[in-house]
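1. Here is a sequence together with a model predicted from it:
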Amino acid sequence: MLFMGMMSLDGPEDYGRLSDEVLLNKVGTGDQEAFRQLYQNTDRSIYGFILSIVKNPQDAEEIMQETYMKVWTSAAGYKSQGKPLAWMFTIARNLCYMKFRNQKHESDIAFDDLEGEETGEICPEIEQAADKLVLAAALKILKEEEREIVLLHATAGMKHREIAASLGMPLATVLSKYNRAMKKLENYLS
């Protein structure tokens, strides 16, 4: 009976009860089920964090994949500090900055793509780019922490309590920064 109880502790059905710290240590040993569970526990937070930096969903998805690949390959070197999400955020942030450096000289839209083929009308890409510029300009008025909180809530669908836990801030601070940021955005866009 004792042996059966020990077996159930190691079963995949119990991975959902393990802390991210324990899961990350298991990932370091090559445990794929622990990696799957760690991904499920953190994917929204990581995506929202990356999106708050790069402000482009396609780039955010690409960097998110790179982040989890790096987590998989680097987990064995993780030194237990009780903050695995902060470690993962650091990886994600570094990959975002690498992406910025690599894209520094590339443009988003080729000149030939600016006009419609037959009509000579402005293409939808320009309209989307304009919308992105307005949003980017609005987000630039926010402090970095405010922007992260707003984007984690709006794009990743995280609750304020989850954001507070992810960023290591008190809930009251997150709520205050969120409300202040929303008022700034409202004033800027009106």
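-> Structure's in. What do you need?
2. Can you report how many residues lie near residue 31?
-> Using other Cβ atoms under 10 Å, residue 31 has 17 other residues around it. No exception for glycine: its C-beta is placed from N, CA and C like everyone else's.
3. Can you give me the distance of it to residue 171?
-> Going from residue 31 to residue 171 by Cβ to Cβ, to the nearest Å gives 32 Å.
4. likewise residue 34?
-> 29 Å.
5. Who has more neighbours out of the two?
-> Neighbours per residue (other Cβ under 10 Å) separate residue 34 from residue 171, with residue 34 holding more: 22 against 14.
6. For that one, which non-adjacent residue is closest in space?
-> Nearest non-adjacent residue to residue 34, counting by Cβ to Cβ, 6 or more residues apart in numbering: residue 26, 3.5 Å away.
7. Local confidence estimate at that neighbour?
-> On pLDDT, residue 26 comes in at 94.
8. Could you look up the SS state of it?
-> helix (DSSP: H, G, I helix; E, B strand; the rest coil).
9. and it, how many neighbours?
-> 19.
10. Was I right to think it contacts residue 20?
-> No. With contact defined as Cβ atoms under 8 Å, residue 26 does not count as touching residue 20 (10.5 Å).
11. separation between residue 151 and residue 77?
-> Computed with Cβ to Cβ, the distance linking residue 151 and residue 77 is 29 Å.
12. which residues of this structure fall in helices?
-> Counting by DSSP state H, one finds helices in the chain at the ranges 2-10, 20-27, 32-54, 57-74, 84-103, 124-140, 144-154, 160-167, 171-189.
13. rewinding a little: the more surrounded of residue 151 and residue 77?
-> Ranked by neighbour count (other Cβ under 10 Å), residue 151 and residue 77 place residue 151 first, with 24 against 7.
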